[in-house]
Structures are given as C-alpha cells and as structure tokens.
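In: predicted structure and sequence below. I'll ask about it afterward.
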Amino acid sequence: MIKITALTTAVVLAATPAALADDAYTLALPIKCEPGVTCFVQNYVDHDSSEKVRDFACGRRSYNGHDGTDIRIPDLEIQKKGVEVLAAAPGRVLRVRDGIDDVSVRETGRAAVAGKECGNGAVIAHRDGWSTQYCHMAKGSLRVKAGDDVTAGQPLGLVGLSGDTEFPHIHLTVRHNGTMVDPFAADAASEACNGGHALWAPAQAAALAYRGSEILNAGFAGLPVTMELIESGAVKAPSRRQPKHWWPMCAPSACRPKTCRS
C-alpha cells in the first residue's frame, strides 16, 4: 500500500501512446526470488477510478486506489533472513528514505505513518522520462544514496515491513513523465481487460503471468493458527503425537475476508 509525499516524482505530465508503446524500456524483477515459489504478486494496480476494484485483467487482485504492484514473500521469518530488493532497470537514484521501523500498521495504526506511507524506499530515474519507486524496505538496509548510478538487478536494500503495510513485500510503482503506468498493461485502454503491453523483460514475463488466485502457503500445524501466526513464520510441522490443523494462506481473491489480509 502506498500514498507518499517526500519520495514521489514532482512533475506530472500526460504520457503519449507512442511513448508508452516504446518496448525498448523493459523491467527486470525488482526482488531476488522465484515468482510463484518464493514470492508472489499479492496486489496489482487498481484500474477502476470509482470505489470499485479492477486489476488489468478485470479481476479483483487489487484494492481501491492502489497505484503499484505488491510482490510479497511468505512470512516474516523469511524476511528476517534478508531478501534483496533489486533495481528494475538501469538509472540514477533520485531520492531515498531510511530509518523507519519495520512494524505492521495493525500494531501502530495508519496515523503513525501519515506522510511516510512508503516507509523506507528509493526512487530511480531511467531513460526517456521513466522512473521506478520501491517501498516498504527494511530499516537500515538501503545500500544506495541519491546520485548513485545503478544497473538492472543491482541490490538496493532488503524487503521490510516499514510504512503503511501489514505484510513483508516490495511495492513497485512505475511512472512515465510522472504519470503512473501499470507494468502489466502499459498503454491499455481505460476499460480494457488484458489490454496494452507488459513492460517486463521476456525472462520475467512467463513467471509473472497473471493468476486469478494464489495459494501462498499451506500445511499442517499442531495448533489452531491465526493469520498473524502464519505470517510470522512461527508455524512449524507437528510431531506425530500432536493434533494436526490444516491451515491455508492465500491471496485475497482466493480466500474469504477473515482469512486473508491485504
């Protein structure tokens, strides 16, 4: 989730179809993981201008006003081991922010992160007016500073839980001349389903293919579990003498509201 001030791009201009159709601009995966195995897209860009929700495929894998792509890792235990956030394209670092604690807004409340919803993060300027923004990184993990030149795939820091978020992930916002662009559907008509074209490099396109639902984690536990316990990574396989409780962990579109949290 993201609504930021200090890290946003200041100039907002309308992007032309010709500019968005430039397939020379491609993106690498912004996180060191294997999509569908060790990381998952939890939320896509919201394409509906009303209070309803619609992702680029006309599904509901988003939430109202979401302006980026959330790529999550399964739980906090994995996050604490360190998962790298990577530059999606070569460019120059414009701004960074660090020093915000890794705490879920379920504990602090959203008022505590007002004006710094992005948490710890960075903005990178690329060629031809493109830019990428990376949010919710781990406190003290940023490895770049303003003015640094970076290459595609270069580590920027680690996935965290800073800012306005309830689960460990990287939020990526792509902009062209200051206007947000969905990396799965650049230049798509406003009401199109699966319109436009993806900005992902060919090596990433298949791995990031759209799924209407996603099972993030599942197994047996020796005790009844809560979503918080699952996301903490504390659920372990039971011994033979312990009762076993089946627990699913899935993306919002695959679960009932009380089971999943976005």
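Out: Structure received.
In: for the stretch 151-262 of the chain, which spans come out with low pLDDT?
Out: Scanning the stretch 151-262 of the chain with the threshold set as pLDDT under 70 gives 216-223, 225-262.
In: run through the neighbouring helices and strands of the helix or strand hosting residue 134.
Out: Following DSSP states H and E, one finds residue 134 within strand 130-137. Applying 3 or more CB pairs under 8 Å, 6 or more residues apart in numbering; DSSP states H and E, we find strand 130-137 packed against strand 91-97, strand 120-125, strand 155-158, strand 169-176. Every residue, glycine included, has its C-beta placed from N, CA and C.
In: and the gap between residue 76 and residue 151?
Out: 30 Å (CB to CB, to the nearest Å).
In: hey, where'd the helices end up in the stretch 1-150 of the chain?
Out: Using DSSP state H, counting those that start in this stretch, the helices found in the stretch 1-150 of the chain span residues 17-20, 76-81, 105-108.
In: for the most centrally placed residue in the chain, give me the pLDDT.
Out: Of all residues in the chain, the one closest to the mean position by CA atoms, centre = their mean is residue 70, 2.0 Å from it. As predicted, residue 70 sits at a pLDDT of 97.
In: beta partners of it?
Out: Beta-bridge partners recorded for residue 70 (DSSP bridges): residue 43, residue 171.
In: distance-wise, check it relative to residue 90.
Out: Using CB to CB, we find residue 70 at a distance of 24 Å from residue 90.
In: and if you look at residue 58?
Out: Residue 58 is 33 Å from residue 90, where distance means CB to CB.
In: again with residue 44
Out: For residue 44, the distance to residue 90 - CB to CB - is 25 Å.
In: neighbours of residue 161, how many?
Out: When counting by other CB atoms under 10 Å, one arrives at 25 neighbours for residue 161.
In: return the residues in contact with the closest residue to it other than its chain neighbours.
Out: Among residues not flanking residue 161 along the chain, residue 102 sits closest, at 4.1 Å (CB to CB, 6 or more residues apart in numbering). The contact partners of residue 102, by CB atoms under 8 Å, 6 or more residues apart in numbering, come to 138-139, 160-162.
In: for those residues, which single residue is the most surrounded?
Out: Compared across these, residue 160 has the highest neighbour count, 30 neighbours, by other CB under 10 Å.
In: gap between the closest residue to residue 110 other than its chain neighbours and residue 146?
Out: Of all residues not flanking residue 110 in the chain, residue 164 sits nearest, at 5.9 Å (CB to CB, 6+ apart). As judged by CB to CB, residue 164 and residue 146 stand 23 Å apart.
In: the two: who's more crowded?
Out: Set side by side, residue 164 and residue 146 show more neighbours around residue 164, with 22 against 11, by other CB under 10 Å.
In: so the more buried one touches residue 112, yeah?
Out: No: using CB atoms under 8 Å, residue 164 makes no contact with residue 112, being 9.3 Å away.
In: could you pull out the strands in the protein for me?
Out: Along the chain, the segments classed as strands by DSSP state E run 40-43, 69-72, 84-86, 91-97, 120-125, 130-137, 149-150, 155-158, 169-176, 179-181, 215-221, 245-250.
In: switch those strands over to JSON lines; also include distance to residue 191.
Out: Shown next, in JSON lines, are the strands of the chain (distance: least, CB to CB, whole Å):
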{"stretch": "strand 40-43", "distance to residue 191": "20"}
{"stretch": "strand 69-72", "distance to residue 191": "20"}
{"stretch": "strand 84-86", "distance to residue 191": "33"}
{"stretch": "strand 91-97", "distance to residue 191": "32"}
{"stretch": "strand 120-125", "distance to residue 191": "30"}
{"stretch": "strand 130-137", "distance to residue 191": "25"}
{"stretch": "strand 149-150", "distance to residue 191": "36"}
{"stretch": "strand 155-158", "distance to residue 191": "35"}
{"stretch": "strand 169-176", "distance to residue 191": "21"}
{"stretch": "strand 179-181", "distance to residue 191": "17"}
{"stretch": "strand 215-221", "distance to residue 191": "30"}
{"stretch": "strand 245-250", "distance to residue 191": "28"}
